[in-house]
Every structure is written in structure tokens, then in C-alpha cells.
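In: Okay, here's the prediction I keep looking at, along with the sequence it came from:
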Amino acid sequence: MSVPSAPPILDFSPFYGKNCDAKSKLIEEVRKCCHYNGFFQITGHPIPLDLQRRVMNCSRRFFDLPLEEKLKVDKNLTTFNRGYELLRSQMLEVGTGPELKEGLYIGEEIPKDHPYYLEKKLNSGPNQWPPTVPNKEEFQETTMEYYHAVFNLAKDILAVLAQTLGVESTFFDPLTDGAVATMRYLHYPAQPQDTDDKLNRGIGAHTDFGCITLLLQDEVDGLQVLDAPSGQWLDVKPVPGAYVVNLGNLFMRMANDKYKSNTHRVINKSGRERYSIPFFFSGNPDYVCECLPNCREEGEPAKYGPITVQDMVTASYKESYGRAEEFKKGLNLEKAEVIPAVAAVGA
Ligand SMILES: O=C(O)CCC(=O)C(=O)O
Ligand SMILES: [Fe+2]
């Protein structure tokens, strides 16, 4: 059996050009990846390297703050998932300890008189901006400039995904209009080299909840994708400027499981701090997810009934955070607490 390789790197630029052959080739390559494990990487997209560098710098500036400053924007101060999440808050993989990562959740700026806020739509409300981060204004501006740039790129990728299904590139417009997307600044402290793989995760093995995820990594590796046929974990080595794109559970469900939402995890054994910025594109909360065109044979039934984006993503969140809470309350607490992060956060 040939050795499986990490997600292929595709040049996305034909999407913006006039060369029909190059475009068709891109669509075909994306289709193949969707069938295989739902992961690919893209270069040749319009997001400038300079903006990526500036946004990574924002992320580092935030995590460098003392813990008490980060806690001023604690995510638990909101009911809509905006703000700082402490180390060991989430636990995606059963049988492992709470995760060695801290994060800052950011989304579209939704004021408190916006219908999404009033109707308690998914992750919808005003951002919590850290009051003492250096160059606070630039921090906010760069963060939102980057958020909007990735939002647009996500729409472009969905246009290609529509074409992989043999439908118009505008097919997903009702999903992308008024879409909710959440971005996370993530910081993984260095884990000790001799960490027991079974217990310590930067982020435990999981699949993403929403439609698609676009991930920017810094130069430190740690992300691994499970190659289901061989059972091997494949390293996704950072490629400067590239995005790792993967399909989430919502997309897999709509594709009647023909396209994959695949398991991945982070174990940061590099001995260095790792920073990454995933962008989770959920979609319009009211969009009803149903079996997509050309995802089943004649007479083959849809495996799943209709569900809104809102209901699907909310249920997934509840499950994973509930698990971390139960773990911390339970007997296993000590086990998790004795695993030290190399860099004590904020201490
Ligand atoms: O940080 C990474 O490389 C991956 C993050 C991830 O998988 C997630 O946040 O869902
Ligand atoms: Fe993920």
C-alpha cells in the first residue's frame, strides 16, 4: 500500500481567472479531496501575507497579556461565545485530559439591537475587545480586516464546492447570506517532550461542527489528520501563507456522507509555543440543511432529515463543553491538573 500523504496543496488562483481548463481542474481536485477525507490546503488565494503576519502578531500580543487582563474579556461573561477561553476549557476527545490551548473567540460585530442578538442566534453579539492589549485600535482593525477577508475566501470556496456537486457557483448563496462565522485566536503552550500521547492534547481528536473551516497555522507544526484507510496520523506541516481547508459535520450531513468531515487533532510536541487561527464558517443560522443535489443515487434515501444550521451547531457545542465540565467535576480532575504546560499561562 502506498504511504498516504498530508492534504494536497492546491493552487486556488484559477478560481479568479478566465482559464476554464484550469478552473475545471481545480474543481476536480477539490471534489477528490472532499470524497477522500474532506481536507485540502490552498495557496494562490487573495489574502496577503502581510495581513496574515499582522493578524498573527495581534494574536501573540493578546496571549502575552497577564492572565488577569485576558480574564477581563472572559468568554463566560457572554452567552454568545465571544472572548477569552482559559487553558483546559474544552475537551473534544473522550479519554484525554482537558486541552492545552487557550483561545480568543471573535465574530462579526453584532450590536445588541441587531435581530441576531435579540433572537439569540448562534454566537451572535458584540465582540469583547481586550482593554489593555498594546495598540488596541490597530488590534481591533486588523482583527476585523482579517475576519472579513477570510469570510470572503470562505464564500469563494463554497462557490467551488457547489461546482464540485455539479450545481451553479451561486447555489450556496442562501447559506452564505447572513452567515455566522467564528474565528479563534489559539495559543498552544509547548507541551513537555515526554508527554503521554494518550492523555495530553492541544486539541483532542475531533471533527469540526460547521460547514467549512479555514485554518491559518504559524510555522510550528502539531496539527495531524487521521488517514482513515490506514489508521495513520498524518502531520499537516505548515506551508507559509496557505490555508488548511476542511469540511465540517454540517457539510458532510448535507452531502449524505458522500463528502467527509474528517478527524484531526493537535499535539504540540515541538517544544515551542504554537499559534493558529481557525475560522469556522457555520452559515446562516436559519438555513435548513437538506441533502444536496447529486449526493445520492436514484432511489437512494437521504440519510438525515432537515435541520437548521443553528440547531446543528448549538448541539455540538453543548456536547463538547459539557464533557470538559463533567471531567473537571469528576474523579479524573487530578490527572488533568498534574500534566503541566511547559509555559505557565499568565503566571
Ligand atoms: O490549531 C489547529 O491547528 C487546529 C484547530 C482545530 O482543529 C479547531 O480549532 O477545530
Ligand atoms: Fe478542528
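Out: Perfect, I can see it now. Residues are numbered from 1 along each chain as shown. Ligands and ions are numbered 1, 2, ... in the order given.

In: Output the below-cut-off pLDDT ranges for this structure.
Out: Across the chain, the ranges flagged by pLDDT under 70 are 1-3, 193-199, 320-347.

In: In it, mark out all the strands, start to finish.
Out: Shown for the chain, the strands assigned by DSSP state E span residues 9-11, 39-43, 83-85, 102-107, 180-188, 203-206, 212-217, 223-227, 232-235, 243-247, 264-266, 274-283, 288-289, 307-308.

In: got JSON lines for those, with distance to ligand 1 and mean neighbour count too?
Out: In this view, the C-beta of every residue, glycine as well, is placed from N, C-alpha and C. Shown next, in JSON lines, are these (distance: least, C-beta to the nearest ligand atom, whole Å; neighbours: other C-beta atoms under 10 Å):
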{"stretch": "strand 9-11", "distance to ligand 1": "16", "mean neighbour count": "16"}
{"stretch": "strand 39-43", "distance to ligand 1": "11", "mean neighbour count": "22"}
{"stretch": "strand 83-85", "distance to ligand 1": "11", "mean neighbour count": "23"}
{"stretch": "strand 102-107", "distance to ligand 1": "8", "mean neighbour count": "25"}
{"stretch": "strand 180-188", "distance to ligand 1": "5", "mean neighbour count": "24"}
{"stretch": "strand 203-206", "distance to ligand 1": "5", "mean neighbour count": "22"}
{"stretch": "strand 212-217", "distance to ligand 1": "5", "mean neighbour count": "24"}
{"stretch": "strand 223-227", "distance to ligand 1": "4", "mean neighbour count": "21"}
{"stretch": "strand 232-235", "distance to ligand 1": "11", "mean neighbour count": "15"}
{"stretch": "strand 243-247", "distance to ligand 1": "7", "mean neighbour count": "26"}
{"stretch": "strand 264-266", "distance to ligand 1": "5", "mean neighbour count": "24"}
{"stretch": "strand 274-283", "distance to ligand 1": "3", "mean neighbour count": "25"}
{"stretch": "strand 288-289", "distance to ligand 1": "20", "mean neighbour count": "16"}
{"stretch": "strand 307-308", "distance to ligand 1": "21", "mean neighbour count": "16"}
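
In: Can you name the residues of the chain sitting close to ligand 1?
Out: Residues of the chain found near ligand 1, taking C-beta under 6 Å from any ligand atom as the criterion, are 184, 186, 203, 208, 215, 217, 223, 264, 266, 276, 278.

In: any chance you could map the helices in the stretch 201-347 of the chain?
Out: In the stretch 201-347 of the chain, the helices defined using DSSP state H, counting those that start in this stretch lie at 249-254, 309-329, 333-337.

In: circling back: I'd like the strands of the chain as JSON lines, with distance to residue 145 appended.
Out: Converted to JSON lines, the strands of the chain look like this (distance: least, C-beta to C-beta, whole Å):
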{"stretch": "strand 9-11", "distance to residue 145": "24"}
{"stretch": "strand 39-43", "distance to residue 145": "20"}
{"stretch": "strand 83-85", "distance to residue 145": "20"}
{"stretch": "strand 102-107", "distance to residue 145": "12"}
{"stretch": "strand 180-188", "distance to residue 145": "12"}
{"stretch": "strand 203-206", "distance to residue 145": "26"}
{"stretch": "strand 212-217", "distance to residue 145": "14"}
{"stretch": "strand 223-227", "distance to residue 145": "25"}
{"stretch": "strand 232-235", "distance to residue 145": "31"}
{"stretch": "strand 243-247", "distance to residue 145": "16"}
{"stretch": "strand 264-266", "distance to residue 145": "26"}
{"stretch": "strand 274-283", "distance to residue 145": "13"}
{"stretch": "strand 288-289", "distance to residue 145": "30"}
{"stretch": "strand 307-308", "distance to residue 145": "30"}
